[in-house]
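Colleague: Fold the following.
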Amino acid sequence: MTNFVVLRSYRRSDEPFCKILLRNGIMENINRTLIELILKDVTLNVAITVVLTLFLLLGFSILSCIIAMIIKGIVLYVITYISFWAIAKKIQKEVSEIPRIYKSDNSSYFWVAEIYEDYLLNRHQQDQKYIFMTEKKFNESNINVFRYVKKIVGTIALCKSTRLQNSGWIKRLSVHKDYRRKGIGTNLVNLALQFGSQQGYRRINVIISEPRKAARELFSKKGFEIYLYRRRFFYRTSVLLLFVELTYRMRYNDNDAELLATDPFYTQAH
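Modeller: Down below sits the predicted model:
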């Protein structure tokens, strides 16, 4: 049998693996965010230009200016790293509270994507498409998992919005970097939307930072539209980061109030 992915409810035993996955997902955005800050922040670029001009007017050599630029780059990287580290620690703390935050009532939930890989398959066979299934389908299939190696490679959560009526928020979507563009993120989003329909939500929103272009592309393909743009100051600095809030309007059939979406399970990744 080919490799497969089980989309299931979070368990307490998943905590250490989810902490690592979410932490790595946050920290790997450092370089992309730093590039966005350097290239697109007008205030920062103007400040650097003014400082370099003053250095030249005061008689400093070009080498000194280059060294000053390098120092500023290092300082900006350190600030970026510290801010992302703080965010990662906050999320890891949240993971310890998943049962209370996401599973204490029926309005919120947390799922993981657990991959089962057959270690007897060769490299080419390992790259084949995955089969996706729910935990219920997995238990009913009676698959012999003796020769499979399992690993948590994705997470997603959906919680009730306190700002928008009859709405939900998608949070903590993360996919291991070695398993992206294999349909895991898409199926996790499908699962969250399906849960949202069961709760009767009229809208599902998600906030994406500008550097996370792949995540934004994923949601756009699922039918999410731009709701509004947000700007937030970057870790106690004057530098502004751009975030986009996307929204998905739930479509219901007037007769039976079922979500008009395809069943995400037992489908293959594209």
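Colleague: pretty sure Leu158 belongs to a strand, no?
Modeller: Yes - Leu158: assigned to a strand according to DSSP: H, G, I helix; E, B strand; the rest coil.
Colleague: give me every residue that touches the residue lying closest to it once chain neighbours are set aside.
Modeller: Leaving aside its chain neighbours, Leu158 sits nearest to Ala192 (4.4 Å; criterion: C-beta to C-beta, 6 or more residues apart in numbering). (Glycine included, C-beta is placed from N, CA and C.) Listed by C-beta atoms under 8 Å, 6 or more residues apart in numbering, the contact set of Ala192 reads Trp111, Ile156, Ala157, Leu158, Gly168, Ile170, Ile204.
Colleague: hmm, try it at 6 Å
Modeller: Contact analysis of Ala192 by C-beta atoms under 6 Å, 6 or more residues apart in numbering lists Ile156, Leu158, Ile170.
Colleague: what is the residue nearest to Asn205 when sequence neighbours are not counted paired to in the beta sheet?
Modeller: Computed as C-beta to C-beta, 6+ apart, the closest residue to Asn205 that is not its neighbour in sequence is Thr247, at 4.9 Å. With DSSP bridges as the criterion, Thr247 is bridged to Asn205, Glu225.
Colleague: gap between Thr247 and Gly183?
Modeller: Remark: distance between Thr247 and Gly183 (C-beta to C-beta, to the nearest Å) = 23 Å.
Colleague: Which SSE is immediately downstream of the worst-scoring helix or strand of the chain on mean pLDDT?
Modeller: Lowest on mean pLDDT, DSSP states H and E among the helices and strands of the chain sits helix 123-126, with a mean of 54. The helix or strand immediately downstream of helix 123-126 is strand 131-134, counting by DSSP states H and E.
Colleague: Remind me what that following strand packs against, helices and strands.
Modeller: Applying 3 or more C-beta pairs under 6 Å, 6 or more residues apart in numbering; DSSP states H and E, we find strand 131-134 packed against strand 4-9.
Colleague: Quote the end-to-end distance of stretch 157-165.
Modeller: 18 Å (C-alpha to C-alpha, to the nearest Å).
Colleague: Equivalent analysis for stretch 199-212, please.
Modeller: 28 Å.
Colleague: Distance from that stretch to the middle of the chain?
Modeller: When distances are taken as C-alpha atoms, centre = their mean, to the nearest Å, stretch 199-212 is centred 11 Å away from the chain's centroid.
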